[in-house]
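# test case, fold it:
(one chain, ligands or ions: 1)
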Amino acid sequence: MEPIVRISGLSHRYSTSWAIRDINIEIPRSGIVGLLGSNGAGKSTTMNILCGVLTPTAGSVTINGIDLSKEPERAKQEIGFLPQTPPLYMDLTVDEYLVHTAILRSVEKSQLKSALEEVKERCGLTHISKRLIKNLSGGYKQRVGIAQAIIHHPKLVVFDEPTNGLDPNQIIEVRGLIKDIAAERAVILSTHILTEVQYLCKDIVMIESGRIVFADTMEAFDNYIAPHSMLVVMENAPPAEALLAIEGVIRIETLTEKQLRIYFNGDRSISEAVVLESAKRGWRLRELNMEKNSLDETFAQLSRISN
Ligand SMILES: Nc1ncnc2c1ncn2[C@@H]1O[C@H](COP(=O)(O)OP(=O)(O)OP(=O)(O)O)[C@@H](O)[C@H]1O
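Predicted coordinates:
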């Protein structure tokens, strides 16, 4: 099936420096894709181009098969966008603001009332319809921001750092809402918060220094960088020097008298050398566990690879 978004050879230069270079991404028609990267990696630039807010220096974007540069109005009809700072009018009530955004998004007059009621119900806003936006909590303001992004039933919704500045309860609520919204359309979630991606996304695209450094499933991300430490338990654990003498071992961390963490370079076959050496020297190896990288480590290592 044709992806909902096809980004090809996308590059953008602000005055003298390139913010993104040769970005290629395809977004499937359902599920949440996480766009991950450190601050300044190029996420917002990519999102702004995708949402038609910024014209790229090079490359193309099609949305639902429509070329964004050739038919911007039609292409943008297919997208809902929640930028980092929601575009709210503080002096309007929730109803007034949502009607205003629905008209901007070309929702037909005859559909206006039902679109408004549906989106308020969806986002838990019905009971605060008449409240001024400026008097709402951060969590409710964000819900109004989400409501404006979906009121016209777009096939793709883009969220840029949607839980920024929210308290832990509000974060859980907004995440639940995003999950719910993604049940029937494609969602792109741009963030530098790894747990957010881990919780919500099936697929990840990671950008660093303006280039894609990883694009695959969450599971593949989890396994991407080979582990470089193992935890061992030995009844007669030797002094660190004896373990450091094994080729590839670079550091020993002594945890208890019998438990050690061995850091190594190279591949997993080093575990065999540890087993053999233990048998030869009577260290009485009881347990050996390869340690998995945490997602944070993978993120940090991918960030370093790009620099
Ligand atoms: N208007 C601008 N003029 C000049 N340079 C810019 C402009 N906007 C962004 N940049 C630069 O382009 C690069 C990418 O920025 P971008 O905002 O896309 O990154 P980001 O991944 O969204 O980061 P953040 O999470 O901090 O928003 C950065 O080096 C940034 O300094």
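# residues from the stretch 101-250 of the chain in reach of the ligand?
Within the stretch 101-250 of the chain, the positions lying close to the ligand (Cβ under 6 Å from any ligand atom) are His192. Any C-beta I mention is one placed from the backbone N, CA and C, and that applies to glycine too.
# which positions within stretch 148-166 qualify as buried?
Residues 148-163, 166 are the ones in stretch 148-166 that count as buried (16 or more other Cβ atoms under 10 Å).
# start to end distance for that stretch?
Taking Cα to Cα, to the nearest Å, stretch 148-166 runs 18 Å from one end to the other.
# distance from that stretch to the middle of the chain?
Distance, stretch centre to chain centre, for stretch 148-166: 14 Å (Cα atoms, centre = their mean, to the nearest Å).
# partner residues bridging the residue positioned nearest the centre of the chain?
Using Cα atoms, centre = their mean, the residue of the chain that lies closest to the mean C-alpha position is Gly34, 3.0 Å off. Beta-bridge pairing for Gly34 (DSSP bridges): Leu189, Ile204.
# give me the neighbour count for Val233.
16 (other Cβ atoms under 10 Å).
# so it sits in a helix?
No. Assignment of Val233 by DSSP: H, G, I helix; E, B strand; the rest coil gives strand, placing it outside any helix.
# domain parsing for this structure?
Using automatic domain parsing, the domain ranges for the chain come out as 5-222, 229-291.
# just name the most buried of those domains.
Sort those by mean neighbour count, taking mean count of other Cβ atoms under 10 Å, and domain 5-222 sits at the top with a mean of 18.
# so for that one, mean pLDDT?
Mean pLDDT, domain 5-222: 92.
# got the CA coordinates for stretch 205-222 in CSV?
Extracted as CSV, the C-alpha positions of stretch 205-222 are listed here (Å, rounded to 0.1, in the frame of the first residue of the first chain):
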residue,chain,number,x,y,z
VAL,A,205,13.4,7.3,12.7
MET,A,206,16.4,8.9,14.4
ILE,A,207,18.0,12.1,13.1
GLU,A,208,21.3,13.5,14.3
SER,A,209,23.1,16.5,12.8
GLY,A,210,20.6,16.7,10.1
ARG,A,211,20.9,13.1,8.9
ILE,A,212,19.1,9.8,9.5
VAL,A,213,21.2,7.6,11.7
PHE,A,214,18.6,4.9,12.3
ALA,A,215,15.2,3.9,10.8
ASP,A,216,13.6,0.6,11.9
THR,A,217,11.3,-0.9,14.5
MET,A,218,11.4,-0.1,18.2
GLU,A,219,12.5,-3.7,18.8
ALA,A,220,15.4,-3.3,16.3
PHE,A,221,16.4,-0.1,18.1
ASP,A,222,16.5,-1.9,21.4
